[in-house]
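Student: give me a model of this one.
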Amino acid sequence: MNEREDAAFRAHLANVDPEFLNQIVNLPIPVLPPSRPPFESLVRIVVGQQLSTAAAQTVFHRLMMAMDGELQPPALQAASDALLRSVGLSGAKTRTIRALADFSGPEGRQLEALCDSPWPGLRGDLLKITGVGPWTVDMFGMFGLGLPDLFSAGDFALKKAMTQFLGIPLHEGPAAFEARALRWSPHRTLASMYLWKLLEKPIGPQPK
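Tutor: Got it, this is the predicted structure:
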């Protein structure tokens, strides 16, 4: 995110959600993680499902070491279940990563080509992959593709921040959180990053 985008977001909040603006007024601009190939990005997100940030980083590092530092669909397909389990992947995540490799095609080119498609269609295609749910797809849109206007109502940390700082009861259904987030459009990704920052978490997704 750059200063221009941040200024536009803050000006938007001044009109539509001054309560939120007051919470972030003294926070520095969030910084997006470095861009990565789509296949690697999706694998990282799957690894992070249901794990803390530190645990996810450890498992992913072990996976990269096992793959000699390069993630490619054919190599992951050729890896044994025992090898993938040894780095800390569950059976379910192993199956999901293999399904991602099938979907992505050799060297991830099929996935890369699809990433140029409009988001609603791509999102629907990704949700058909075994083990890939709305949270995983939304995180990929935010951090894999850098889309500026996404919000994941299934992210527990986002809901926790909105409860703590914006007063939305945590027991409310997804619709209540989505309705508040709609005020922030077309800047919902940046808004999400600020919410994570309010919780003093590293910028990035926190699985529910």
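Student: now residue 129. Its backbone dihedrals?
Tutor: As for residue 129, its main-chain torsions (degrees, to the nearest 10) stand at phi -80, psi 140.
Student: these two touch, right, it and residue 103?
Tutor: Yes: using Cβ atoms under 8 Å, residue 129 and residue 103 qualify as a contacting pair, with a distance of 5.3 Å. The C-beta positions use only the backbone N, C-alpha and C, and glycine is treated the same way.
Student: now residue 170: which helix or strand?
Tutor: Of the helices and strands defined by DSSP states H and E, none includes residue 170.
Student: okay, it and residue 139: tell me how far apart.
Tutor: 21 Å (Cβ to Cβ, to the nearest Å).
Student: so what's the most centrally placed residue in the chain up against?
Tutor: Within the chain, the residue whose C-alpha comes closest to the C-alpha centroid is residue 139; the distance, by Cα atoms, centre = their mean, is 1.9 Å. Neighbour list for residue 139: 45, 48, 152, 155, 205 [criterion: Cβ atoms under 8 Å, 6 or more residues apart in numbering].
Student: what's the first helix or strand after the helix or strand harbouring it?
Tutor: Per DSSP H and E, residue 139 falls inside helix 134-139. Next helix or strand after helix 134-139 toward the C-terminus (DSSP H and E): helix 156-166.
Student: can you list the weak-confidence ranges in this structure?
Tutor: 1, 201-208 (pLDDT under 70).
Student: let me see the domain layout of it.
Tutor: Per automatic domain parsing, the domain ranges recorded for the chain read 3-32+150-198, 38-133.
Student: generate TSV for the ones you listed, with distance to residue 144 and mean neighbour count as supplementary columns.
Tutor: Below are the domains of the chain laid out as TSV (distance: least, Cβ to Cβ, whole Å; neighbours: other Cβ atoms under 10 Å):
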stretch	distance to residue 144	mean neighbour count
domain 3-32+150-198	11	16
domain 38-133	4	16
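Student: and the gap between the closest residue to residue 199 other than its chain neighbours and residue 182?
Tutor: With sequence-adjacent residues excluded and distances taken as Cβ to Cβ, 6 or more residues apart in numbering, residue 199 is closest to residue 161, at 5.1 Å. Distance, residue 161 to residue 182, using Cβ to Cβ: 17 Å.
Student: so what touches stretch 96-103?
Tutor: Defining contact as Cβ under 8 Å, 6+ apart, one finds that stretch 96-103 is touched by 39, 42-43, 46, 73-74, 76-77, 84, 89, 110-111, 126, 129-132.
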